[in-house]
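Enquirer: Kindly return the folded structure for what I paste below:
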Amino acid sequence: MNLAAHLPALQVVLPLLAAPLVVLLQPRGLAWAATAATAVFAFIMAMNLAVGVMSGHIFEYEMGGWPAPIGIVLKVDALTSLLLLVVTGACAAATLAARHSIDAQVESHRQPLFYAAWLLALAGFSGMVVSGDAFNIFVFMEISSLAGYVLIAAGPDRRALPAVFKYIIMGTIGATFYLIGVGLIYMMTGTLNLDDMVIRIVDVADQRPVLVAAGFVTIGLALKAALFPLHVWLPNAYAHAPHMVTVFLAACGTKVAVYVLLRFDFLVFQTTIGHEVQFALFLMPLALLGIVIASAVAMFEGNLKRMLAFSSVAQIGYILLGASLLTTEGLTASVIHIFNHGLAKGALFLAVAGLAYYYRDLTIDNLAGAARTMPLTAFAFVVAGLSLIGVPGTAGFVSKWLLISALLEADQGSAILIAIVVISSLMAVAYIWRVVETLYFKPALVEVDAREPPWPLLTIVWLAVGLNLYFGIQPEIPLTLSTWAAELLLGGALP
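Expert: The predicted structure follows:
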């Protein structure tokens, strides 16, 4: 049996099967070990798929042996493989680092259920990425959302409950909008298979239900992706969730919704009358507002996790700004920033989890002097912050440079757009510097018996930081996949 041929299905099936088994593992630590093993194996499978895609192969898997468009097909191409690396890598890193943090934040008798929800979230995100069926994307979207609600509410912070309630309301609205749009498309084309939909929608591209469907799908997914001003659920959800849950969700949660948004708007809807222009006109102003306003709010936010959450809203703006240019260069910058922002934000929240091991109150002022007792953790935050800003030598610089290069190629308004990107980067310098100044140069408000966090967490923190530096110097793999993904989204194909 050729195991490689089954990897697209195993990306989803493995965590789905492991989730109920984890519930049965009651002895302390056993549930974590099984979850970590599953997450690491999922990441290894994603790397194997990426290697195959880099060699020019597109993976297609027919569930139950039923061919498309009748059956459900799982598909892995350049864009899919890059997102799978982000999802499974974030999950594996967060899981390996989670043992001590989750022990401190989740009661031991609830941990098997917690880790089962963790694996369901992984299955949901992976399913959204690999599914070639519009309705199954909705199914996996709901699996990941329901599991996410459980994970966010699982910690000791009761403020997570109203945050989850808001997330449920907004998430339900987004999923409903998406489902209405898919229903309208099915009514007009008679298919749910995305590849078949691209072919059939040409005949009805000028029909009003298709145009309405484009609006419903785009807005629903924009809400799931926390595009400004539909981001109101995100800051509190990130701030009050258990720290490792924030690492997992911040690194990949909104990115998967952006992935689905790009799939629909550039492949399914690109043939509808005037949709590309409508998409750009809708997206660019919201992306710019998100970049500027979210960065400005982050500059004055007093809670470290909320500050980084608002930063994520701004970074989603960067991703969608590149997409709104409707060029290969802009889409390449957009896709690679999905990867690079996942690296930077994952490393930042891992460092925050390290600080939180002794500093329970993550108000920025309360962290004064932490660098003197936790120098490795504090310096990891600094390096990851440099990647978020886009300093040369870090992964964040690569995508920022590609975005500015794409903006230079824009016909109109490129100077204004570049100025906004540069100004927002300076804002990022300001809010990251606030934290650095507090960690290194301010006297401690209270004496805290702090030291470096446990070595598994510190090791993963520095592994994530090292990847930010490595892909800043050697960006060939994500850059190649991003370039192919951009060509695919604009109607090309892999070589």
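Enquirer: could you pull out the strands for the chain?
Expert: Under the criterion DSSP state E, strands of the chain are mapped to 59-62, 73-76.
Enquirer: Okay, buried residues for the first one please.
Expert: If you call a residue buried by 16 or more other CB atoms under 10 Å, then strand 59-62 has these buried ones: 59, 60, 61. Glycine gets a C-beta too; all of them are placed from N, C-alpha and C.
Enquirer: in the sheet, who's paired with the first one?
Expert: Meaning residue 59. For residue 59, the beta-bridge partners are residue 76 (DSSP bridges).
Enquirer: can you start the count at 154 instead of 1 from here on
Expert: Got it, the first residue is 154 from now on, which makes the last one we talked about residue 212.
Enquirer: Show me where the stretch 354-503 of the chain dips below the pLDDT cut-off.
Expert: 424-431 (pLDDT under 70).
Enquirer: same thing but 90
Expert: Scanning the stretch 354-503 of the chain for pLDDT under 90 picks out the ranges 354-372, 375-408, 415-440, 454-458, 465, 470, 473-483, 495.
Enquirer: do you know how far the closest residue to residue 331 other than its chain neighbours is from residue 573?
Expert: Spatial nearest neighbour of residue 331, excluding adjacent residues (CB to CB, 6 or more residues apart in numbering): residue 373 at 3.6 Å. Separation of residue 373 from residue 573 (CB to CB, to the nearest Å): 27 Å.
Enquirer: These two: who's more crowded?
Expert: Comparing residue 373 with residue 573 by other CB atoms under 10 Å, the one with more neighbours is residue 373, at 28 against 20.
Enquirer: measure that one to residue 575 for me?
Expert: Noted for residue 373: a distance of 32 Å to residue 575, by CB to CB.
Enquirer: surely residue 466 meets residue 386?
Expert: No. Residue 466 is not in contact with residue 386 according to CB atoms under 8 Å; the separation is 10.8 Å.
Enquirer: Now the common contact residues for the two.
Expert: Common neighbours of residue 466 and residue 386 are listed as residue 379 (criterion: CB atoms under 8 Å, 6 or more residues apart in numbering).
Enquirer: who's more crowded, the two?
Expert: A direct count of neighbours by other CB under 10 Å for residue 466 and residue 386 places residue 466 higher, at 26 against 22.
Enquirer: Can you give me every residue that contacts the more buried one?
Expert: 379, 381, 384, 387, 388, 443, 447.
Enquirer: what about the fifth one, how many neighbours?
Expert: The one in question is residue 388. Burial of residue 388 is recorded as 24 neighbouring residues (other CB under 10 Å).
Enquirer: got a list of what it touches?
Expert: By CB under 8 Å, 6+ apart, the contact list for residue 388 reads 459, 462, 463, 466.
Enquirer: if we go to 7 Å?
Expert: Applying CB atoms under 7 Å, 6 or more residues apart in numbering, we find residue 388 in contact with 459, 462, 463.
Enquirer: Surely residue 164 is in contact with residue 196?
Expert: No. Applying CB atoms under 7 Å, one finds residue 164 not in contact with residue 196, separated by 10.0 Å.
Enquirer: Between the two, which is the more surrounded one?
Expert: Using other CB under 10 Å, the more surrounded residue of residue 164 and residue 196 is residue 164, with 28 against 20.
Enquirer: Let me see the contact set for the spatially closest residue to the more buried one that is not a sequence neighbour.
Expert: Among residues not flanking residue 164 along the chain, residue 279 sits closest, at 4.6 Å (CB to CB, 6+ apart). Neighbouring residues of residue 279 by CB under 7 Å, 6+ apart: 164, 165, 237, 240.
Enquirer: Find me the pLDDT at the second one, would you?
Expert: The one in question is residue 165. Residue 165 is assigned 89 on the pLDDT scale.
Enquirer: how close does it sit to residue 171?
Expert: From residue 165 to residue 171 the distance is 11 Å (CB to CB).
Enquirer: which of the two has more neighbours?
Expert: Neighbour totals were compared for residue 165 and residue 171, and residue 165 leads with 26 against 22 (other CB under 10 Å).
Enquirer: Surely that one touches residue 277?
Expert: No. Using CB under 7 Å as the test, residue 165 is too far from residue 277 to be in contact (8.7 Å).
Enquirer: Share the number of residues neighbouring residue 344, please.
Expert: Residue 344 has 20 neighbours, counted by other CB under 10 Å.
Enquirer: isn't it right up against residue 351?
Expert: No. Look at residue 344 against residue 351 with CB under 7 Å: they stay out of range, at 9.8 Å.
Enquirer: For residue 419, give me its contacts.
Expert: Applying CB under 7 Å, 6+ apart to residue 419 gives the contacts 642, 643.
Enquirer: now do 8 Å
Expert: So residue 419 contacts 476, 484, 642, 643 (CB under 8 Å, 6+ apart).
Enquirer: Make TSV from the residues you listed and add distance to residue 328 to it.
Expert: What follows is those, written out as TSV (distance: CB to CB, whole Å):
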residue	distance to residue 328
476	22
484	26
642	23
643	28
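Enquirer: Return the member of the contacts of residue 388 nearest to residue 409.
Expert: Of all those, residue 462 has the smallest distance to residue 409: 17.1 Å, by CB to CB.
Enquirer: pretty sure that closest one contacts residue 391?
Expert: Yes. Using CB under 8 Å, residue 462 is in contact with residue 391, at 3.9 Å.
Enquirer: list the residues that contact both of the two?
Expert: residue 403.
Enquirer: returning to what we had before: what sits in contact with each of residue 165 and residue 277?
Expert: In contact with both residue 165 and residue 277: residue 293, using CB under 8 Å, 6+ apart.
Enquirer: Now do residue 439: how many residues are near it, please.
Expert: Other residues near residue 439 number 19, with proximity taken as other CB under 10 Å.
Enquirer: Tell me the spacing between it and residue 580.
Expert: Distance of residue 439 to residue 580, computed by CB to CB: 18 Å.
Enquirer: Centre of the chain to stretch 555-575, how far?
Expert: Centre-to-centre, stretch 555-575 and its host chain are 24 Å apart (CA atoms, centre = their mean, to the nearest Å).
Enquirer: Pull the residues that contact that stretch.
Expert: For stretch 555-575, contacts defined as CB under 8 Å, 6+ apart pick out 441, 444-445, 471, 474-475, 478, 480, 482-483, 485-487, 489-490, 553.
Enquirer: Between all of those residues, which two are separated the most?
Expert: Taking CB to CB, the two most distant members of these are 445 and 485; they sit 23.4 Å apart.
Enquirer: Have a look at these two and say which one is more surrounded.
Expert: Between residue 445 and residue 485, counting by other CB under 10 Å, residue 485 is the more crowded of the two (26 against 17).
Enquirer: The more buried one contacts residue 634, correct?
Expert: No. Here residue 485 lies out of contact with residue 634, judged by CB under 8 Å, at a distance of 9.8 Å.
Enquirer: Check what pLDDT the nearest residue to residue 441 once chain neighbours are set aside gets.
Expert: Spatial nearest neighbour of residue 441, excluding adjacent residues (CB to CB, 6+ apart): residue 573 at 5.7 Å. Per-residue pLDDT puts residue 573 at 87.
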